[in-house]
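**Q** okay, here's the prediction I keep looking at, along with the sequence it came from:
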Amino acid sequence: MNSFTLIFLLALALSSTVQFWLARRQGTHVAQHRSAVPEAFKDRVSLAAHQKAADYTIAKGKLGRIDGIIGIVVLLLLTIGGGINATFTFWVGHLDSPILAGIAAVASIFLFMTLIDIPTSWYQTFVIEEQYGFNKSTVKQYIKDHVMQLGLGTLIGLPIFALILWVMDSVGSSWWLWAWAIIMGFSLLMSWLFPTVIAPLFNKFTPMQEGSLKDRIQGLLARCGFNSQGIFIMDGSKRSGHGNAYFTGLGNNKRIVFFDTLINSLDEEELEAVLAHELGHFKRKHVIKMLVATSVMSLISLAVLGWLINETWFYKGLGVEQPSHAAALLLFMLVSPVFTFFMQPISAYFQRKFEFEADDFAANNAKATKMISGLVKLYEENASTLTPDPLYSAFHYSHPPAAIRIAHLEAK
């Protein structure tokens, strides 16, 4: 242990305390407003639906706090508890290649963390989601999804990690610039491949049938100047009762996707308004802005790591006795969220700003009243609380709270 150990523990204690305090505020605030539907929604949402949303939010919050405690314990065990150090020591003693030993150690740690997450994930799916009528997944489907995710992570993630380790060993002090270029190139490639290669591994995408809904959507696309490779219905109902719509992909590989649950919930004009909102993100260049912001933050993060990687206090302060590039990468990925937690409200603020802009676009290219009625249906059917704690939502919500968002649309 050294001075950095104390800094890390203080930062972890502070960020964790704030997170639990915010979560407690959220639960208390939602519970206090459970008995009555907010004035803005009295004629739109039933008391039973409002109370279901409150209870669902509180139940998820309790599980989230348990998950947070587990995460803190695991982080401490892996770092100053010696877990990472023991794992690297084991693999270095069994593999001659430093790169292979680093890959094996990192893979072992992530496998351990994946297994640790399963109990709370299982409870979320088969207890909470089941209790509130959202779970449509089977045990077989759940296991299949996790095995496929693990397999894809291994097949795609490990080669990229190996390439970055090779760059770190081969190009000298400028390695972080090369690593940044590799990561961004890989991210763009995955964004381009996701609609046609990755997503179909998990869900079935059926082209939307000819009819009045497709004609309405194509008319909207023509008005907005949006070209896509098709409009598809995704079988989201095989896992969940929650509904959504999105566009995905880059360049000439963009797709528009509606969950089948959403198609069954909203009328055609409401679906048009919801899609107009999603197109608003594209037309207002939110995707590009978020990509640029992510690129800049990634570059800064790798530059910081480029400095830390040569500092022995960084390793020793986090329980690792023998410095290595793989250990530095792993430590940085695990520990950096502790120090960047208080930047979260800044990111959330800009995301909410983008949501308002997308709502404005939807109101100008579809009917604002239909956007409102569609949102209210989604809030009700997804059991989204109408009364979040303001401070909690400022930290965590990427979308404006329901009442504020509806009021903004009504003012259009």
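**A** Looks like it arrived, so ask away.

**Q** following element in sequence after the longest helix that the chain contains, please.
**A** If each helix of the chain is counted by residues according to DSSP state H, the longest one is helix 47-78. Sequence-wise, the next helix or strand downstream of helix 47-78 (DSSP states H and E) is helix 83-94.

**Q** okay, buried residues for the lowest-mean-pLDDT helix or strand in the chain please.
**A** Using mean pLDDT, DSSP states H and E, the weakest-scoring helix or strand in the chain turns out to be strand 245-248, at a mean of 80. Neighbour-count burial for strand 245-248, counted by 16 or more other C-beta atoms under 10 Å, picks out 245, 247-248. (Glycine included, C-beta is placed from N, CA and C.)

**Q** for the residues you listed, which one is nearest residue 258?
**A** Checking the buried residues of strand 245-248 against residue 258 by C-beta to C-beta gives residue 245 as the nearest, at 4.8 Å.

**Q** tell me the contacts of that closest one?
**A** Counting by C-beta atoms under 8 Å, 6 or more residues apart in numbering, residue 245 makes contact with 256-259, 262, 271, 274-275, 278.

**Q** try it again at 7 Å.
**A** Residues in contact with residue 245, defined by C-beta atoms under 7 Å, 6 or more residues apart in numbering, are 257-259, 262, 274-275, 278.

**Q** report the beta-bridge partners for it.
**A** residue 258 (DSSP bridges).

**Q** next, work out how far apart residue 278 and residue 172 are.
**A** Distance of residue 278 to residue 172, computed by C-beta to C-beta, to the nearest Å: 44 Å.

**Q** those two: which has the busier surroundings?
**A** Taking other C-beta atoms under 10 Å, residue 278 and residue 172 do not tie; residue 278 has more neighbours (20 against 9).

**Q** how far is the host helix or strand of that one from where the chain is centred?
**A** Assigned by DSSP H and E, residue 278 falls within helix 268-283. Distance of helix 268-283 from its chain centroid, counting by C-alpha atoms, centre = their mean, to the nearest Å, is 21 Å.

**Q** got a list of contacts for it?
**A** Counting by C-beta under 7 Å, 6+ apart, 212-213, 216-217, 220, 224, 226, 245-247, 256, 258, 266, 287, 354, 357-359, 361-362, 365-367, 370-371, 373-374 sit against helix 268-283.

**Q** what about this structure, any weak spots by pLDDT?
**A** Along the chain, the model assigns pLDDT under 70 to residues 251-253.

**Q** can you show me the strands along it?
**A** Secondary structure of the chain (DSSP state E): strands located at 205-207, 231-234, 245-248, 255-259.

**Q** burial count for residue 10?
**A** 11.

**Q** so how far is residue 394 from residue 293?
**A** Residue 293 is 19 Å from residue 394, by C-beta to C-beta.

**Q** more crowded one of these two?
**A** Each of residue 293 and residue 394 has its neighbours counted (other C-beta under 10 Å); residue 394 has more, 16 against 12.

**Q** list the residues that contact that one.
**A** 345, 348.

**Q** and the gap between it and residue 351?
**A** Using C-beta to C-beta, residue 394 is found at 11 Å from residue 351.

**Q** can you check residue 150 too?
**A** Distance from residue 150 to residue 351, by C-beta to C-beta: 29 Å.

**Q** and for residue 315?
**A** Separation of residue 315 from residue 351 (C-beta to C-beta) stands at 35 Å.

**Q** quick check, residue 354 in contact with residue 286.
**A** Yes. Using C-beta atoms under 7 Å, residue 354 makes contact with residue 286 at a distance of 4.5 Å.

**Q** most remote residue from the protein's center?
**A** What lies farthest from the middle of the chain is residue 96; by C-alpha atoms, centre = their mean that is 37.3 Å.

**Q** quick one, phi/psi of it?
**A** Dihedral pair for residue 96: phi -80, psi -30, per degrees, to the nearest 10.

**Q** can you give me the distance of it to residue 104?
**A** 12 Å.

**Q** same check, this time on residue 122
**A** 27 Å.

**Q** the two: who's more crowded?
**A** residue 104 (20 against 13).

**Q** I'd guessed the more buried one sits against residue 94; true?
**A** No. Between residue 104 and residue 94 there is no contact under C-beta under 7 Å: 8.1 Å.

**Q** got a list of contacts for stretch 54-67?
**A** With contacts defined as C-beta under 7 Å, 6+ apart, stretch 54-67 is touched by 20, 23, 26-27, 30-31, 34, 120, 123-124, 128, 132, 383, 385.

**Q** pull the distance from the longest helix of the chain to the chain's centre.
**A** For helix 47-78 - counting by C-alpha atoms, centre = their mean - the centre lies 16 Å from the chain centre.

**Q** if we can go back for a sec, among the strands of the chain, which is the most enclosed?
**A** Most buried of the strands of the chain by mean neighbour count (mean count of other C-beta atoms under 10 Å) is strand 255-259; its value is a mean of 22.

**Q** thinking again about what came up before, how about the longest helix of the chain: buried residues?
**A** Neighbour-count burial for helix 47-78, with 16+ other C-beta under 10 Å as criterion, is recorded at 49-50, 52-61, 63-64, 67, 71-72, 74-75, 78.

**Q** distance of residue 235 from residue 212?
**A** For residue 235 relative to residue 212 (C-beta to C-beta), the value is 22 Å.
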